[in-house]
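[1] Whatever this is, show me its structure:
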Amino acid sequence: MLLELRAENYAVIDHAVAEFGTGLNLLTGETGAGKSILIDALVLLLGGKASSDVVRFGAEKAVVGCVFESTPGAEQILEDNGIDPEGGEILLRREIGANGKGRVFVNNQPATVNVLRQLAPELALVHAQSETLVAFDAAQQRLLLDRFADLSADEAGTAFAKWREVKERIEELRAAEADRLRLLDLWSFQAREIEGAAIVDAEEDARLEAEKRVLANAERLFTGANAALELLYEAEVSAESLLGGALKHVEDLAKFDERFRETAAALSAAKVSVEDAAATLRDFAGDVTASPERLGEIEDRLAALERLKRKYGAGAGTTGLAQVIAFGEEVSGKLNELENREARLKELEAELAKVAKGYREAAARLSEQRASAAKKLAKLAEKQINELAMNVRFAVEVTAEEAESSWGASGWDRVEARIATNPGEPMKPLDEIASGGEMSRVMLALKVAVEEGVSGSKKRKTVLPRTLVFDEIDIGIGGRAAEAVGQKLKALARAQQVICITHLPQIAAFADQHFLIEKTERRGRTQTGVRRMEKNERVEEIARMLSGASLTETSRRHAEQMLKQSV
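    Predicted structure coming up:
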């Protein structure tokens, strides 16, 4: 749901903020007040094309922003694009500079227009003369039909994923023979090189490095160990002999004074530690040998392992050899598969036939269900459309495109709404409707038909509602048709937030929240503002819409009556 929309230095708007609520939000105002400017600002925030022409004269930049309630789908899109969520809300902001440059922010983090376009289907659907057809593509029409019929494409999606995985594996094996031979030679060389290195384990290089350090410093280590051994144990006046003498004296003292028993124990422990250290140094000095031959062998081995790590691992480091070993195992597996290509192909082809059959069955079931539901939806929608001062024939066509090139996670159906707006004319796709007002009314009727079908279902589908925006919906209608439009908007707004610009009092009377767009002059500059009206103000505004600039008591009473009847 759209919670807030704001614009600064945008077209004729100096600064405007609209806080929308649940249900039906209607925007009215005199002709030329700039009602559609706010909708244009929302379109920009949903990824629409920007132009420096929208920057208010004299300003450096225009800024538009909004706050939407978040949805699970929107949060997943944010996560995929590395953007942190904002506690259940999504903040969109777009800046358009007078120099043509622009910036996009999502939850106050830099983003791109592409991210806005990804979020748009999760947040709002705008039905205006220029935006409707972009938002209501074939995929959206299919989703609308599936919502109406409470259909899920999960089974077909799972089957399609399996089919595509097996097909891609077959295509890899069926690569050109030259490529196959080239890969065979390459992988054979790599496998031989890694196998020939006879790597002991992933820690071999670490152990060799430790041994190399010892051999490279053998003389220094031998001298240091012997010197320490001399001082600790083997000299005439060594640490061990001095501790032994001190221990004897303290033991004599302890015979007469118990306070020295702990001191004697400490000295005894120190003497044992010195003896252990001396034994360690003696063993070490005995093992240290200067072996230039062994040192050379180790250096050669480390150089060979380093080359393998650079080629097949992540470079030098403790995990390098582990990656080399893993790479060797992977190459061996590929070699085995290539060398047994024909047998493997037969296995995969059999598996492909099996999963393809499963997909066809799932897609056919889904197609049959959609075809049945399409007839019901078309009948309901045609009735709803013709209640809006139109005389049309309406159909929802489901075409099963069974060729593999048309397979997808949502099945193989192409769903297309078609309409004939005049008697005797052929049915045409919705995008061939010339009038934006007609298109908006068709979309309204179609949405209402879907929501009625969903609410009439025994098992209501749990789908989070989006914000629906309608502009130019009342062009060319009036009287009872206008009242029918208002009733349908009200019905639709029970399940979804609806925002609508209208010029007709019959529609304005149905608002849950009524906003006035008004143009004023300040300091010689024209500016547009927006404010939510209270009950008394609504009476005045609807009376103005009824009678024009000259308000009369009759128009006020008529407005009050309309408001009462619309509750």
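
[2] For the residue nearest in space to the middle of the chain, pull up the helix or strand it's in.
    The centroid of the chain falls nearest to residue 77 when counting by Cα atoms, centre = their mean (1.7 Å). Take DSSP states H and E as the rule and residue 77 turns out to sit in helix 72-80.

[3] likewise residue 188?
    Per DSSP H and E: helix 177-196 holds residue 188.

[4] Now do the buried residues in the helix or strand following that helix.
    Note on helix 177-196: by DSSP H and E, the next helix or strand toward the C-terminus is helix 204-216. The neighbour-count check on helix 204-216 (16 or more other Cβ atoms under 10 Å) flags 204-205, 208, 212, 215 as buried. Using the backbone N, CA and C atoms, a C-beta is placed for each residue, glycine as well.

[5] and what of stretch 327-337?
    Those would be 327-328, 331, 334-335, 337, for stretch 327-337 by 16+ other Cβ under 10 Å.

[6] before we move on, what about stretch 294-309?
    295, 298, 302, 305-306, 308-309.

[7] one step back: other SSEs contacting the helix holding residue 77?
    helix 113-123 (3 or more Cβ pairs under 8 Å, 6 or more residues apart in numbering; DSSP states H and E).

[8] Name the surrounding residues that touch the helix it packs on.
    Residues from elsewhere that reach helix 113-123 (Cβ atoms under 8 Å, 6 or more residues apart in numbering): 2, 45-47, 50, 68, 71, 73-74, 77-78, 81, 83, 90, 92, 94, 104, 106, 135, 140, 466-467.

[9] Sort out which of those residues are in helices and list them.
    45, 73-74, 77-78, 135, 140 (DSSP state H).

[10] May I see the PyMOL selection of the buried members of the residues you listed?
    Of the ones in helices among the contacts of helix 113-123, the buried ones go into a single PyMOL selection, burial set by 16+ other Cβ under 10 Å:
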select buried, resi 45+74+77+78+135
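
[11] Of the ones in helices among the contacts of helix 113-123, which pair is most distant in space?
    Farthest-apart pair in those is 78 and 140; separation 21.3 Å (Cβ to Cβ).

[12] circling back: against which helices or strands is the helix holding residue 188 packed?
    So helix 177-196, by 3+ Cβ pairs under 8 Å, 6+ apart, packs with helix 292-312, helix 320-339.

[13] Kindly recompute the last result at 7 Å.
    helix 320-339 (3 or more Cβ pairs under 7 Å, 6 or more residues apart in numbering; DSSP states H and E).

[14] what packs against the helix it packs on?
    So helix 320-339, by 3+ Cβ pairs under 7 Å, 6+ apart, packs with helix 177-196, helix 292-312.

[15] so where is the stretch 251-400 of the chain shaky, pLDDT-wise?
    Low-confidence segments of the stretch 251-400 of the chain, defined by pLDDT under 70: 287-291, 314-319.

[16] one more time with 50
    For the stretch 251-400 of the chain, applying pLDDT under 50 flags the ranges 315-318.

[17] Where do the helices of it begin and end?
    261-287, 292-312, 320-339, 341-386 (DSSP state H, counting those that start in this stretch).

[18] Please apply the same query to the stretch 451-567 of the chain.
    Under DSSP H, counting those that start in this stretch, the stretch 451-567 of the chain gives helices at 479-492, 505-508, 535-547, 553-565.

[19] wait, which of those helices is closest to residue 183?
    Closest among those, using Cβ to Cβ: helix 479-492, at 58.4 Å.

[20] Which parts of that closest one count as buried, going by neighbours?
    Those would be 481-492, for helix 479-492 by 16+ other Cβ under 10 Å.

[21] Which of the helices and strands in the chain ranks last by mean pLDDT?
    Lowest by mean pLDDT, DSSP states H and E among the helices and strands of the chain is helix 132-135, with a mean of 46.

[22] where does the residue nearest to residue 369 when sequence neighbours are not counted fall, phi/psi-wise?
    With sequence-adjacent residues excluded and distances taken as Cβ to Cβ, 6 or more residues apart in numbering, residue 369 is closest to residue 151, at 5.6 Å. Backbone torsions of residue 151, given as degrees, to the nearest 10, read phi -100, psi 150.

[23] shaky segments in the stretch 401-550 of the chain?
    Checking the stretch 401-550 of the chain against pLDDT under 50 turns up 458, 460-464.

[24] redo that, cut-off 90
    Residues of the stretch 401-550 of the chain meeting the criterion pLDDT under 90: 421-426, 428-496, 501-504, 506, 518-530, 535-536, 540-541, 544-550.

[25] Residue 205 is in contact with residue 305, correct?
    Yes - if you go by Cβ atoms under 7 Å, residue 305 and residue 205 touch, sitting 4.9 Å apart.

[26] hey, what's in contact with both of those two?
    Both residue 305 and residue 205 are in contact with residue 321, where contact means Cβ atoms under 7 Å, 6 or more residues apart in numbering.

[27] just to revisit the earlier point, I'd like the helices and strands packed on helix 320-339 laid out as CSV, including distance to residue 35.
    Formatted as CSV, the helices and strands packed on helix 320-339 follow (distance: least, Cβ to Cβ, whole Å):
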stretch, distance to residue 35
helix 177-196, 61
helix 292-312, 65
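
[28] sorry, back to before: wait, which of the buried residues of stretch 294-309 is closest to residue 60?
    Nearest member of the buried residues of stretch 294-309 to residue 60, counting by Cβ to Cβ, is residue 309, at 54.5 Å.

[29] Report the spatially nearest residue to the closest one, omitting neighbours in sequence.
    Nearest one to residue 309, counting by Cβ to Cβ, 6+ apart, is residue 320 at 3.6 Å.

[30] Likewise for residue 406?
    That would be residue 412: by Cβ to Cβ, 6+ apart, it lies 5.0 Å from residue 406.

[31] How about residue 365?
    In space, residue 365 is closest to residue 155, 7.8 Å off (Cβ to Cβ, 6+ apart).

[32] can you check residue 403 too?
    Counting by Cβ to Cβ, 6+ apart, the residue nearest residue 403 is residue 412, at 8.0 Å.

[33] Burial check on that neighbour, number of neighbours?
    Look at residue 412: counted by other Cβ atoms under 10 Å, it has 22 neighbours.

[34] Contact partners for the nearest residue to residue 86 once chain neighbours are set aside?
    Spatial nearest neighbour of residue 86, chain neighbours left out: residue 107 (4.5 Å); criterion: Cβ to Cβ, 6+ apart. The neighbourhood of residue 107, defined by Cβ under 7 Å, 6+ apart, consists of 83-86, 90-91.

[35] rerun at 8 Å
    Here residue 107 is in contact with 78, 83-86, 90-91 (Cβ under 8 Å, 6+ apart).

[36] Looking at those residues, which is nearest residue 443?
    Looking across the contacts of residue 107 and measuring by Cβ to Cβ, the closest to residue 443 is residue 90, at 24.1 Å.

[37] So for the closest one, what's the pLDDT?
    Listed pLDDT for residue 90 reads 94.

[38] Look at the closest residue to it other than its chain neighbours and report its pLDDT.
    Nearest in space to residue 90, with sequence neighbours left out and distances taken as Cβ to Cβ, 6+ apart, is residue 68 at 4.7 Å. You'll see residue 68 listed with a pLDDT of 94.
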